[in-house]
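> No letters, just coordinates:
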């Protein structure tokens, strides 16, 4: 279920009626304002397998409850939990009478979560990088802080990427086969419709899947479980978008066995928080269920979520100092409007047919079939001029990127004499004058110049475009079928089992979007000549127009099958579970172009890549008392590499990464938990390890293949493959909340971790320029990258939060929290940490550069740690009941003090040897300094809603 913040608890009437027939508990649940019965409320006897839903009259009943002190939990979406301590007498039934649930006044915070965290910094067609979305279903105080308070700084639970968690809709995994991550945008803007969620933390047992070591999230869209009613909301914010509208209606189950839910939303902005980041998203949801009888129901769910957003650029400190933290180099003015060249366009509708079969009173089977199709596109400028400029060092060529290194002052102030590596020339008067000139030019023209590109194209006498706008496009067709079995084998034993098959056909190509005033574009690679310049030798010297494919064109095919079984055992003092899984994975590339660089191994099908993987996990809970618990969980599994990391460069050839292995993942954690009506707390220690990981990256490297000691050698666009990567994540996390009074609650959360590389993996570079019929796989082995004990990037490794919340009896509330986040490191270059980095390739004996020293190397390669940050957030809301309808608003201000802070960054590996990097850094104004991402400054969110 979707995460809620616990609101005011009301128990208006508790009546004890004893019967002599059975040992049980009964009661009725109603709304505090309307006194109407609430259906489908979850009522559970904690620390047992006893869970029921209230019926249409709001009533529930348990039988065969273990005598003694018990905790009864009552919860449902949109209301605060009730946790009642009761005493069960053998042979008697305890009637709790009428239990009243109050509206959760903070539920609007959950409905706003995507607003805060959905900014995706990835440039490819993969899933989202943020893990905050995985936490929506949790009410744990620590996970609330991680999602709502720390998510804006891109905090990752336990330092883990979200490929180590599983997100599901109706039991179907939504993690992309391509990279293992969920694409949150596939159901973005449908917060009301996707609020029925269940979350498990870490490797804890899930009823739906074996899962990963980060956790599982199950979104349930079965129409009959939605509370009957309608809801309309309108919100304003200054984050990724400016405005949001949503509307939802749920019919409830009628007397003919039909139930349906419809929902729609729109989010838009002319410009988001960062300059030039326009936003437009439309979402539609429908779910229809037919209940044939007490044993069989069919449900059909359809989700369409279209999202188009302009990206913002990462920038060096030099650019930030010149243009500010909100500066975005991707946009420029055209016809009086801001036009972004880097746009992500997502449109992948999905349809799910679900069959629910209650085989017996204790056994049920849920079978689902899903088909998802659509496209993801990431646009950018393609320029024939850029290749010419790089190859000829032509400084007069027009390059559309305003932050191109030759357009910035640091290009001149970091110059050295290429014939004498000790002669620094950046302080020469002429270079200083040149730096001042380009500084003034940049400040005057710091945005992309669309008009200049149009003018150049229009002035070509043959109509050829030198510049075009294109997109890297992925068109997926995904079919999934799965079944999930749940069976109560005995009073204290539950079996969960499932099997799933997925078939993916993924078309990948470059697509022309806009010729920018020209009439055609030449489909050749300007970095090469002759046959090597041809993307497709089967159709050489081709010209393309809008809507045409060019550059690369291939299909990725994948088939996966996985199955799991899980047994859960419940006893008076100890609960434990055991689970195991098996996965079979097959990948294959099918090249549709015969690339001129890889004429013998780009067209047609690659070898089939096959993996078989296993997983085992278990855990136990020791019940010290009914309120105090100790839990232990452990897991070990192997995991197939993603398709993204299976092929060296799938855009150009069929080559498969050498020595490719399944990743091995292990995890353990132990927790002490207190669950009392006024005080809740969890203290957890954890450790996870992974090994045999693989990663692929692409960049332009200077000096990677030097031919002489002047720094003028074989520069190249290279593919870097790192294999046998091992990581270790160890730490502690704490979350606690205490109800100081019936109206005041205090929360505390803390995370302290050390997330490091745990070995020295192997690095290879692929240099396409060396490809030939005799050398179809031009890989150069750079040996080990000395990464051990470097920190993993992408998340603060320390995070602390203290909050206070006041909840008034008249349904208004305010809250504040202060958060401190530290130990965020930028991503390091693997290539720069190989021994080859220090060697002078011009030396016949492979000796290091004469100026290279151990101390100098240590200083150059020290990992940068970003400054710690302190964030103050305020929230509040109010609701009214008028003529049977609920009106309300939610408001929040994040980063009240308007702190400008970096959330992450990465080293540029362009200076690929010691001399070039040392000269660049020693200049004091490096041209290829790290690039950084920034978080939001002060932002607000205001949502008005009505439930009727």
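That came through fine. Values in this document were obtained by computation on a predicted structure and should not be read as measured data. Residues are numbered from 1 along each chain as shown.

> Quick check: longest helix in this structure by residues?
Using DSSP state H, we find that the single longest helix of the chain is helix 429-444.

> That one packs against which elements?
helix 317-323, helix 410-413 (3 or more Cβ pairs under 8 Å, 6 or more residues apart in numbering; DSSP states H and E). For every residue, glycine as well, the C-beta is placed using N, CA and C.

> can you redo these as TSV with distance to residue 904 and mean neighbour count?
Below are those laid out as TSV (distance: least, Cβ to Cβ, whole Å; neighbours: other Cβ atoms under 10 Å):
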stretch	distance to residue 904	mean neighbour count
helix 317-323	14	17
helix 410-413	22	23
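
> Export the ones you listed to a markdown table and append columns for distance to residue 194 and mean pLDDT.
A markdown table is the format used below for those (distance: least, Cβ to Cβ, whole Å; pLDDT from 0 to 100):
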| stretch | distance to residue 194 | mean pLDDT |
| --- | --- | --- |
| helix 317-323 | 37 | 98 |
| helix 410-413 | 47 | 97 |
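
> between these, which one is nearest to residue 261?
Proximity to residue 261 (Cβ to Cβ) singles out helix 317-323 among those, at 46.1 Å.

> Identify the residues contacting that closest one?
The contact list for helix 317-323 (Cβ atoms under 8 Å, 6 or more residues apart in numbering) reads 315, 327, 329, 403, 408-410, 439, 442-443, 446, 925, 929-930, 932.

> Which PyMOL command selects the buried ones in those residues?
Only the buried entries of the contacts of helix 317-323 go into this PyMOL selection, using 16 or more other Cβ atoms under 10 Å:
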select buried, resi 315+327+329+403+408+409+410+439+442+446+925+929+930+932
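
> nearest to residue 734, of the contacts of helix 317-323?
For the contacts of helix 317-323, the nearest to residue 734 is residue 932 (30.1 Å; Cβ to Cβ).

> Could you check how far the closest residue to that closest one other than its chain neighbours is from residue 829?
Setting aside the residues directly before and after it, residue 932 is nearest to residue 905 in space (Cβ to Cβ, 6 or more residues apart in numbering), at 3.9 Å. Between residue 905 and residue 829 the computed distance is 12 Å (Cβ to Cβ, to the nearest Å).

> Now do the helix or strand harbouring residue 556: which elements does it pack against?
Residue 556 is part of strand 549-570 when elements are defined by DSSP states H and E. In this structure, strand 549-570 packs against strand 493-514, strand 574-591, with contacts taken as 3+ Cβ pairs under 8 Å, 6+ apart.

> So what are the sheet partners of it and their directions?
As defined by DSSP bridges, the strand partners of strand 549-570 come to strand 493-514 (antiparallel), strand 574-591 (antiparallel).

> Next secondary structure element downstream of the helix or strand harbouring residue 904?
Following DSSP H and E, one finds residue 904 within strand 902-906. Proceeding N to C from strand 902-906, the next assigned helix or strand is helix 914-922, under DSSP H and E.

> Check which helices and strands that following helix is in contact with.
strand 679-705, helix 854-860.

> What is the burial count for the closest residue to residue 314 other than its chain neighbours?
Distances taken as Cβ to Cβ, 6+ apart place residue 931 nearest to residue 314, at 4.0 Å, with adjacent residues excluded. Neighbour count of residue 931, defined by other Cβ atoms under 10 Å: 20.

> mind listing what residue 931 touches?
314, 315, 316, 905, 906, 908.

> What residues does the fourth one make contact with?
Contact analysis of residue 905 by Cβ under 8 Å, 6+ apart lists 314, 793, 826, 827, 864, 866, 930, 931, 932, 933.

> got it, and the third one?
Residue 316 makes contacts with 403, 929, 930, 931, 932, as judged by Cβ under 8 Å, 6+ apart.

> Can you check the pLDDT for residue 717?
Residue-level confidence at residue 717 comes out at 89, pLDDT.

> Quick check on it: phi, psi?
When read as degrees, to the nearest 10, the backbone of residue 717 gives phi -80, psi 120.

> what's the answer for residue 450, then?
Torsion angles, degrees, to the nearest 10, at residue 450: phi -70, psi -40.

> which residues of the protein fall in helices?
107-111, 113-117, 141-144, 317-323, 384-392, 410-413, 429-444, 450-458, 854-860, 914-922.

> closest one to residue 761 among these?
Residue 761 lies closest to helix 854-860 among those, at 18.7 Å (Cβ to Cβ).

> Distance check, residue 646 against residue 786.
Distance from residue 646 to residue 786, by Cβ to Cβ: 26 Å.

> neighbour count winner among those two?
A direct count of neighbours by other Cβ under 10 Å for residue 646 and residue 786 places residue 646 higher, at 24 against 18.

> From residue 214, how far out is the more buried one?
Taken as Cβ to Cβ, the span from residue 646 to residue 214 is 22 Å.

> Also residue 681?
Separation of residue 681 from residue 214 (Cβ to Cβ): 22 Å.

> Just want to know which of these two has more residues nearby.
residue 214 (24 against 19).

> Chain neighbours aside, what residue packs nearest to the more buried one?
Computed as Cβ to Cβ, 6+ apart, the closest residue to residue 214 that is not its neighbour in sequence is residue 165, at 3.5 Å.

> what does residue 702 give?
Using Cβ to Cβ, 6+ apart, the nearest residue to residue 702 is residue 715, at 4.5 Å.

> and stretch 250-268, which residues are buried?
Result for stretch 250-268 [16+ other Cβ under 10 Å]: buried residues 250-253, 259-267.

> Just these: which are in strands?
Counting by DSSP state E, the buried residues of stretch 250-268 place 250, 259, 260, 261, 262, 263, 264, 265, 266, 267 in strands.

> what ranges do the strands span in the stretch 701-850 of the chain?
Under the criterion DSSP state E, counting those that start in this stretch, the stretch 701-850 of the chain carries strands at the ranges 714-739, 744-757, 762-767, 779-784, 798-807, 812-822.

> mind giving me JSON lines with the ones you listed and columns for mean neighbour count and distance to residue 32?
As requested, the strands of the stretch 701-850 of the chain are exported to JSON lines (neighbours: other Cβ atoms under 10 Å; distance: least, Cβ to Cβ, whole Å):
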{"stretch": "strand 714-739", "mean neighbour count": "20", "distance to residue 32": "17"}
{"stretch": "strand 744-757", "mean neighbour count": "20", "distance to residue 32": "18"}
{"stretch": "strand 762-767", "mean neighbour count": "21", "distance to residue 32": "62"}
{"stretch": "strand 779-784", "mean neighbour count": "16", "distance to residue 32": "64"}
{"stretch": "strand 798-807", "mean neighbour count": "21", "distance to residue 32": "13"}
{"stretch": "strand 812-822", "mean neighbour count": "19", "distance to residue 32": "15"}
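
> Could I get the ones you listed in CSV, plus columns for distance to residue 102?
CSV is the format used below for those (distance: least, Cβ to Cβ, whole Å):
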stretch, distance to residue 102
strand 714-739, 14
strand 744-757, 14
strand 762-767, 58
strand 779-784, 60
strand 798-807, 9
strand 812-822, 11
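
> Identify the residues contacting residue 935.
152, 153, 154, 869, 895, 901, 902, 903.

> For the fourth one, give the beta-bridge partners.
Looking back up the chat, that one is residue 869. Going by DSSP bridges, residue 869 forms beta bridges with residue 821.

> Number the chain from 6, please
With 6 as the first residue, the last one maps to residue 874.

> what's stretch 304-312 in contact with?
Taking Cβ under 8 Å, 6+ apart as the rule, stretch 304-312 contacts 174-175, 190-195, 198, 226-229, 285-295, 349-361.

> Drop anything exposed from those.
174-175, 190-195, 198, 226-229, 285-295, 349-353, 355, 357-359, 361.
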